[in-house]
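Student: Just the structure for this:
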Amino acid sequence: MYQALYRKYRPQTFDDVVGQGAVTQTLKTQLLSGHMSHAYLFTGSRGTGKTSCAKILSKAVNCLNPHNGNPCNVCEACRAIDAGTCMDVLEIDAASNNGVDNVRDLRDDAVYAPSQVKKRVYIIDEVHMLSISAFNALLKIIEEPPEHLLFILATTELHKVPATILSRCQRFSFRRITPEDIAARLQYVSYQEGIELDDGAARVLARLADGGMRDGLSLLDQCASATNGELTAERVYQCLGIAGEQKCGELMGYIANHDSKSALSLFNRLYADGKDLGALLDELACMTRDLLILKTAPEAGIAMLS
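Tutor: Below is the predicted model:
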């Protein structure tokens, strides 16, 4: 059965995680020194590695043969966690398990010692979706947890997490991944998959990913399956239904010259060709931002556009 690229190339060690060196190095140092917290909070925009790091951490604390803070991925504990058969490492989606009764059940089960591995780990994804009552029920167990327990909370909306929870967790902020790092990873994945991806297409996909590695891999997956031969920037534009830099630049030029007739004519052609108008507006906004940066800070603009 075909497996999506973002699943197939999900990081398996901290060293595999792209663009989050500060976070992964700190976690590795804590694992090597044994100075682990009982609760972690991973925050950041989508697709930046929060859940992947949570899963790697759950393996690393239970691995029988860790290597420099990384899980070995071959021992019995690592294989059980990867396969989802380890009953002591649980991943919970707070969006669908956000009631106080769900958290009370979790709290009642958490007091029992793990049966298969060294630590019982609860990964709670989108933790901001918990109700106030559920947060209050979770607070007690996070405040005074048993020694065998580790909580890893992940959220894209930090402001919705109560301060009482924040103060009891070590917080790690996952930054948006740079287009350069995303493009390099896409080139690596393409090479492994036998996809002919040119540099221009990689840059376009990296820009469209908007800082999220998962989005970049999903876009690559979509474009690669829709075309044969080399994947170029123009083929990416056609596959995703976007206008592209050249057409956006042409439209921007008409707007700058107050040439309403030509601008509307081009806009109508793009609309007739089935281009996504929402994406077109996003492209124009990005181009405007790049031009403003290039004008006010030329060095930063040239580095960004290169």
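Student: Can you tell me which residue is spatially central in this protein?
Tutor: Note on the chain: the residue nearest the mean C-alpha position is residue 47, at 1.5 Å, using Cα atoms, centre = their mean.
Student: Contacts only, for the nearest residue to that residue once chain neighbours are set aside.
Tutor: Distance criterion Cβ to Cβ, 6 or more residues apart in numbering; nearest residue to residue 47, sequence neighbours excluded, is residue 212 at 2.7 Å. For the C-beta atoms, the positions are set from N, CA and C on the backbone; glycine is no exception. Under the criterion of Cβ atoms under 8 Å, 6 or more residues apart in numbering, the contact list for residue 212 reads 45-48, 176-177.
Student: repeat that for 10 Å
Tutor: 6, 44-49, 176-177, 182, 218-219 (Cβ atoms under 10 Å, 6 or more residues apart in numbering).
Student: before we move on, what about residue 106?
Tutor: Applying Cβ under 10 Å, 6+ apart, one finds that residue 106 lies in contact with 90, 92, 97, 122, 124, 134, 137-138, 141, 151.
Student: Return the distance of it relative to residue 163.
Tutor: Residue 106 sits 21 Å away from residue 163, taking Cβ to Cβ, to the nearest Å as the criterion.
Student: Residue 43 now?
Tutor: For residue 43, the distance to residue 163 equals 14 Å [Cβ to Cβ].
Student: quick one: low-confidence ranges for the stretch 201-306 of the chain?
Tutor: The stretch 201-306 of the chain contains residues with pLDDT under 70 at 298-306.
Student: ok, now with 80
Tutor: Within the stretch 201-306 of the chain, the stretches with pLDDT under 80 are 226-229, 244-245, 274, 276, 279, 286, 290, 295, 297-306.
Student: quick one: the helices in the stretch 51-200 of the chain?
Tutor: Counting by DSSP state H, counting those that start in this stretch, residue ranges of the helices within the stretch 51-200 of the chain are 76-83, 100-110, 132-143, 163-166, 179-193, 199-209.
Student: quick one: which of the contacts of residue 212 is nearest to residue 170?
Tutor: Sorting those by how near they are to residue 170, with Cβ to Cβ, puts residue 44 at the top with 14.6 Å.
Student: Count the neighbours of residue 275 for me.
Tutor: As a burial measure, residue 275 scores 21 neighbours (other Cβ atoms under 10 Å).
Student: quick one: it and residue 284 touch, right?
Tutor: No. Taking contact to mean Cβ atoms under 10 Å, the distance of 12.0 Å between residue 275 and residue 284 leaves them out of contact.
Student: Can you check which residues contact both of the two?
Tutor: Shared contacts of residue 275 and residue 284, counting by Cβ under 10 Å, 6+ apart, come down to residue 243.
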